[in-house]
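Enquirer: Pasted the sequence and its predicted model underneath.
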Amino acid sequence: MSVQYTRFLSNLTAFMRASEIRELLKLIEKKKVISLAGGIPDPSLFPIDDLTKITQEIIINQGQTALQYAPTKGVTIFRETLVDFIRRMRGIRVPNPECIVVTAGSQQALDIIGRVFINPGDVVLVELPSYLAAINAFRVYNPLFVGIPMDENGLRTDILEEKLKILKNEGKNIKFLYTVPTAHNPTGLTMSIDRRKHLIELANKYDFLIVEDDVYGSLIFENVDVTPIKALDKNGRVIYVSSFSKILAPGLRLGYVVAEEPITDIFEKAKQSLDLHASTLSQFIAMEAIRRGVIEKNLPRIRSEYRKKRDIMLDALEENFPKGCSWSRPIGGMFIFIWLPEQIKTHELLSKAIERGVVYVPGRPFFVDSTGENTMRLSYSYPSEENIRKGVGILGSLIKEELK
């Protein structure tokens with residue numbers, strides 16, 4: 001007699017969702033298709049020679065420390081290195097290393113934020129659309145999601161202000177707004193400086209926190225001011241999240257969160273029950289990569305390659321997609337977001353696309369209000385230039401057929 005496991009499950013599992021992107025990656029692993037889906041870095045841009053040398057030297061010379069347990073907040077000398085790195089790279093002045101918690105990628109930081117701040121029914125404000133993995137991380141704690149539209153200048157803070165008035169009048173408990181203000185995932189849009197300032201004003205006025213996800217902040221191709229919201233924050237309202245996955249290597253599984261010390265002390269306690277600490281070896285590797293200038297030396301190459309691929313995808317969209325389609329024009333990052341004629345449901349179209357040898361991410365899961373059925377996200381970071389052209393061409397033909 002088989003065990004019926006469902007009766008043993010906690011109520012929290014009812015709010016868990018499989019990431020549609022991760023499920024797609026499992027699917028395409030078994031098929032020969034062009035992937036325009038996951039935001040995967042181009043592996044040819046990994047500084048493998050530098051990382052090989054660094055890792056070997058660390059294990060030989062510092063192995064007894066680098067292979068040992070570490071403090072939950074992170075290796076102290078690594079966090080000291082991060083204080084300077086964050087200031088140089090993003091203009092954020094971190095008061096001291098205790099304001100940093102090193103995490104297993106930025107995804108763990110999002111989960112910690114959810115478990116520390118969200119009670120069932122609390123309001124979590126997000127962009128429409130928003131990063132799917134953040135939605136899934138927060139959803140487990142059963143918040144009330146409230147979506148705020150975007151335009152070419154990012155989050156509509158004017159609409160946000162109107163929504164805040166309504167929520168306050170209704171007595172709702174607003175905990176935080178989650179945003180990817182620079183090279184947004186999934187849209188590629190970037191929030192203007194004026195709106196970043198307005199957002200901080202609203203957070204102070206209506207008493208909520210801002211969670212700023214800045215993993216693409218160093219992958220900007222144009223001369224645009226992308227000063228982090230955290231760098232504009234004077235009152236400790238902003239919790240800043242970033243990662244080494246896009247600028248060094250995702251396999252290191254290293255991210256970090258910056259906040260006021262009373263908050264990071266609570267994050268430390270939350271993390272202790274998850275994994276004790278992020279990989280000590282990975283922290284030593286990233287520290288040496290920073291000290292030796294590996295990241296800053298390699299970033300121009302990454303930006304140049306992704307800019308070229310972005311331009312190729314934009315050109316291919318112009319050439320292949322029919323009238324009635326529109327798309328974002330990102331200044332950086334890895335993604336272009338597509339709006340198709342409303343009669344096309346991209347979730348239904350996906351199986352036909354896979355049959356023809358190309359995969360994308362349907363847009364609906366990025367929208368907490370269940371809209372976006374006619375949208376899709378395309379990524380240009382991983383596929384070759386040839387496959388970008390070919391994949392977009394296949395999608396264009398398929399969409400034209402659907403419109404007949």
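Expert: Nice, thanks for sending it over.

Enquirer: all helices of this structure, in order?
Expert: Here the chain has its helices, by DSSP state H, at 20-29, 48-66, 76-90, 105-117, 132-139, 157-169, 193-206, 229-232, 261-272, 280-291, 294-320, 346-355, 385-403.

Enquirer: List the contacts of the last one.
Expert: So that's helix 385-403. Helix 385-403 is contacted by residues 34, 36, 308-309, 312-313, 316-317, 319-322, 324-325, 340-341, 343-344, 349, 352-353, 356-358, 360, 378, 380, 383 when judged by Cβ atoms under 8 Å, 6 or more residues apart in numbering. For glycine as for every other residue, the C-beta is placed from the backbone atoms N, C-alpha and C.

Enquirer: What of the second one?
Expert: Residues from elsewhere that reach helix 48-66, judged by Cβ under 8 Å, 6+ apart: 67, 249, 280-281, 284-285, 288-289, 292, 294, 298.

Enquirer: List buried residues within these.
Expert: For these, a neighbour count by 16 or more other Cβ atoms under 10 Å gives the buried set as 249, 280-281, 284-285, 288-289, 294, 298.

Enquirer: Can you tell me how far Ser351 is from Pro71?
Expert: 48 Å (Cβ to Cβ, to the nearest Å).

Enquirer: cool, Met287 as well?
Expert: Taken as Cβ to Cβ, the span from Met287 to Pro71 is 14 Å.

Enquirer: In terms of neighbours, single out the busier of the two.
Expert: Per other Cβ atoms under 10 Å, whichever of Met287 and Pro71 has more neighbours is Met287, with 22 against 15.

Enquirer: Does that one touch Thr76 like I think?
Expert: No. Between Met287 and Thr76 there is no contact under Cβ atoms under 8 Å: 10.7 Å.

Enquirer: which residues touch Thr103?
Expert: 109, 112, 254-257, 271, 278 are the contacts of Thr103 under Cβ under 8 Å, 6+ apart.

Enquirer: how many neighbours does Leu299 have?
Expert: Quick note: Leu299 (other Cβ under 10 Å) scores 16 neighbours.

Enquirer: go on, Gln4?
Expert: 7.

Enquirer: what about it, distance to Asp158?
Expert: 52 Å.

Enquirer: Please apply the same query to Leu128.
Expert: 14 Å.

Enquirer: follow-up on the earlier one: let's have the contacts of helix 48-66 in CSV, adding distance to Asn173 and pLDDT.
Expert: Output for the contacts of helix 48-66, formatted as CSV (distance: Cβ to Cβ, whole Å; pLDDT from 0 to 100):
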residue, distance to Asn173, pLDDT
Leu67, 44, 96
Ala249, 39, 97
Thr280, 38, 97
Leu281, 41, 98
Phe284, 41, 98
Ile285, 41, 98
Glu288, 44, 98
Ala289, 42, 98
Arg292, 47, 98
Val294, 44, 98
Asn298, 44, 97
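
Enquirer: Parallel or antiparallel, list what pairs with the strand of greatest length in the chain.
Expert: Longest among the strand segments of the chain by residue count, using DSSP state E, is strand 144-151. When pairs are called by DSSP bridges, strand 144-151 turns out to pair with strand 123-128 (parallel), strand 154-155 (antiparallel).

Enquirer: what's the closest of those to Phe208?
Expert: Evaluated with Cβ to Cβ, these place strand 123-128 nearest to Phe208, the distance being 7.4 Å.

Enquirer: Contacts for the closest one, please.
Expert: 118, 134-135, 138, 143-150, 154-155, 160, 163, 167, 172-180, 184, 208, 367-369, 371-372.

Enquirer: repeat that for 7 Å
Expert: Residues from elsewhere that reach strand 123-128 (Cβ atoms under 7 Å, 6 or more residues apart in numbering): 118, 135, 138, 143-150, 155, 167, 172-179, 367-369.

Enquirer: Would you mind checking these for buried ones?
Expert: 118, 135, 138, 143-148, 150, 155, 167, 174-179, 367-368.

Enquirer: Ile354 is in contact with Val33, correct?
Expert: Yes. The criterion here is Cβ atoms under 7 Å, and Val33 meets it with Ile354 at 6.0 Å.

Enquirer: In terms of neighbours, single out the busier of these two.
Expert: Val33 (21 against 16).

Enquirer: roughly how far apart are that one and Arg115?
Expert: Counting by Cβ to Cβ - Val33 and Arg115 are separated by 36 Å.
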